[in-house]
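**Student:** Build the 3D model from these lines:
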Amino acid sequence: MRAALIPVVSGSRAKGLVLAIVALAAAAVIVPSASAKPKPPKHPKERHSFVGRFDTIDTVGSTVPANGDVNPYGVAVAPVSKGRLVRGDVLVSNFNNSANLQGTGTTIVEI
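**Tutor:** Below is the predicted model:
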């Protein structure tokens, strides 16, 4: 995998782009209804967590770009390839700047 910083768009265009990515990420979230009840496991082994079997952590990229923006907030997966974006790339918008001031992040990181 590769990690790269997408060129920063400034001003209202940046805010619009970040909001668009956040909206895309929010639209992709599936929330079960309040009446949905978990089904009991069919087999005793299904009681173990899915991630419990993994014991190795590999870092594939960072959401902190060179300018230090933090608090990854919106996440979207590129559905098609276009320009430098490749289908399947993960885009992460940083909500805060390097001083952690909320809502002032200006970067979108491509992982």
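**Student:** From here on, just use CA atoms for contacts and neighbour counts.
**Tutor:** OK.
**Student:** quick one: secondary structure of Gly52?
**Tutor:** Classification of Gly52 by DSSP: H, G, I helix; E, B strand; the rest coil places it in helix.
**Student:** in the chain, which spans are strands?
**Tutor:** Secondary structure of the chain (DSSP state E): strands at 4-5, 70-77, 90-96, 108-110.
**Student:** tell me the most buried of those?
**Tutor:** strand 108-110 (a mean of 26; mean count of other CA atoms under 10 Å).
**Student:** before we move on, back to that, take the strands of the chain and lay them out in TSV including distance to Ser62 and mean pLDDT.
**Tutor:** Shown next, in TSV, are these (distance: least, CA to CA, whole Å; pLDDT from 0 to 100):
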stretch	distance to Ser62	mean pLDDT
strand 4-5	9	49
strand 70-77	10	94
strand 90-96	10	94
strand 108-110	8	92
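**Student:** Tabulate the ones you listed in TSV, adding columns for distance to Thr63.
**Tutor:** As requested, the strands of the chain are exported to TSV (distance: least, CA to CA, whole Å):
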stretch	distance to Thr63
strand 4-5	9
strand 70-77	7
strand 90-96	7
strand 108-110	6
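**Student:** closest to Arg53 out of these?
**Tutor:** Closest approach to Arg53 among the strands of the chain (CA to CA): strand 90-96, 24.5 Å.
**Student:** Is it correct that Leu91 is in contact with Pro79?
**Tutor:** No: counting by CA atoms under 8 Å, Leu91 does not reach Pro79; the two are 10.9 Å apart.
**Student:** any idea how far Ser81 is from Arg87?
**Tutor:** From Ser81 over to Arg87 the distance is 5 Å, taken as CA to CA, to the nearest Å.
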